[in-house]
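Colleague: here is the input, now give the coordinates:
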Amino acid sequence: MTLDLECRNVFKHFGSFQAVEDISLEITAGSFFSILGPSGCGKTTLLRMLAGFSEPDQGEILIKGKKMAGIPPNKRPVNMVFQHLALFPMMNIGENIAYGLKRDKVPKLQRDKKVADVLERIGLPGIEKKSVNQLSGGQKQRVAIARCLVLEPDVLLLDEPLGALDLKLREQMKVELKKLQKAFGTTFIYITHDQSEAMVMSDQVAVMNHGRLEQVGSPQSLYYEPETSFVAGFVGNNNRVDGIVESIAGETAIIRSNAGQQFKTAFPKVELNSGDSVDLFIRPEAIRIRRDQNVTSENHINGRVENILFDGGNSQILVKDIDSSQQLSVSLPQTREFHDLVAGDAVSLSWDIRQNNIFLSNKKLSNKKRGP
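Modeller: Predicted coordinates:
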């Protein structure tokens, strides 16, 4: 396995504030790697250190096995796409893309050929003479990426480049970026707070929180096998139920929620004791909904529909337990079976004891979890 980039125990602080704390990463050559986290988690600070705009206070960054300490941005084999693209309005498209090549004193004939080749590869051939304001938002996005890729960097850094686009265009560009990365084979390191962008495009995702890595893995492993309560709550939609362990039998625990409900969950043989405070997470799509309230299953509640959040294929039903204040979100089956459901209707909810994740409060508890 060839690595394009490594971080070894990287720290960065600003005064008394620890922005990045003990980050270690290995990013495989030719991969699409995303760094995902909420605003203020340290992901942009980390990206700036990778680019060379800032130096770590401690630790090492290596690109292609070479230590980057003291190497300025223009001497590193990386390039960067910013959120606001920074295309030059006084230059046409060809001049924008050729800017870095001209700075590197590449002869004009060679520059022109490289520009034509990269425009062909991004699906915008023959637009060299157009001005920036003649392009759509998605076209500008591709031109900004082409301006970086024409320099043939080992690593392309992307700092929330879709943030300024409208929703429809953002959805289109997620697909386009993935296609471009595969076509060029360049390592993409993508910074985002949008979990959908990270999940759709990435081979691997690192989830950051308060300057530290919570988990690194494939989108599927983050979704189905979160290692911390934060990852379970941040990646995808989830229902969180707080409670305590009432009893344990083999690999099954009985959980009493703070709202008074009793649930059963499966987990491997790990250290878990009666009386432990736990967080239980159940995905909305793992919950079965029925109109019949005479359901017998190990995990079920009878409730009433509080609200229906229609969003096409992602519609949700909010159901409140009739015996407690607990409210659960359920993915609406796309069969139109419940198309006439309205607020106030009585329903029952149930889920398999393996279809949840359980964590000791503020501590990882590795759960037996089934993938897709």
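Colleague: what is the neighbour count of R291?
Modeller: Neighbour count of R291, defined by other Cβ atoms under 10 Å: 11. Glycine gets a C-beta too; all of them are placed from N, C-alpha and C.
Colleague: measure it to E337 for me?
Modeller: Distance of R291 to E337, given as Cβ to Cβ, to the nearest Å: 9 Å.
Colleague: number of residues surrounding K264?
Modeller: The number of residues near K264, taken as other Cβ under 10 Å, comes to 17.
Colleague: could you say which helix or strand holds it?
Modeller: strand 262-266 (DSSP states H and E).
Colleague: distance check, L135 against P89.
Modeller: 11 Å.
Colleague: these two - which one has more neighbours?
Modeller: Taking neighbours as other Cβ under 10 Å, L135 and P89 compare with L135 leading, 17 against 8.
Colleague: quick one: the helices in this protein?
Modeller: For the chain, applying DSSP state H gives helices covering 43-51, 93-103, 108-121, 137-149, 167-184, 195-201, 219-224, 229-234.
Colleague: can I get those in JSON lines with mean pLDDT?
Modeller: Formatted as JSON lines, the helices of the chain follow (pLDDT from 0 to 100):
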{"stretch": "helix 43-51", "mean pLDDT": "95"}
{"stretch": "helix 93-103", "mean pLDDT": "93"}
{"stretch": "helix 108-121", "mean pLDDT": "93"}
{"stretch": "helix 137-149", "mean pLDDT": "88"}
{"stretch": "helix 167-184", "mean pLDDT": "86"}
{"stretch": "helix 195-201", "mean pLDDT": "92"}
{"stretch": "helix 219-224", "mean pLDDT": "94"}
{"stretch": "helix 229-234", "mean pLDDT": "93"}
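Colleague: nearest to D4, of those?
Modeller: helix 43-51 (10.8 Å; Cβ to Cβ).
Colleague: can you give me how far that closest one is from the chain middle?
Modeller: Relative to the centre of its chain, helix 43-51 is centred 17 Å away, using Cα atoms, centre = their mean, to the nearest Å.
Colleague: repeat that for stretch 332-347.
Modeller: That offset, for stretch 332-347, works out to 30 Å (Cα atoms, centre = their mean).
Colleague: which regions of the stretch 151-300 of the chain sit below the pLDDT cut-off?
Modeller: Across the stretch 151-300 of the chain, the ranges flagged by pLDDT under 70 are 164, 268-270, 295.
Colleague: next, the buried residues of the strand holding K264.
Modeller: Neighbour-count burial for strand 262-266 flags 263-266 (criterion: 16 or more other Cβ atoms under 10 Å).
Colleague: and for stretch 69-84?
Modeller: 76-81.
Colleague: report the residue ranges of every domain in this structure.
Modeller: Domain assignment for the chain by automatic domain parsing gives 3-230, 237-360.
Colleague: go through those domains and pick out the most buried.
Modeller: The highest mean neighbour count among those, using mean count of other Cβ atoms under 10 Å, belongs to domain 3-230: a mean of 18.
Colleague: got the end-to-end distance for that domain?
Modeller: 28 Å (Cα to Cα, to the nearest Å).
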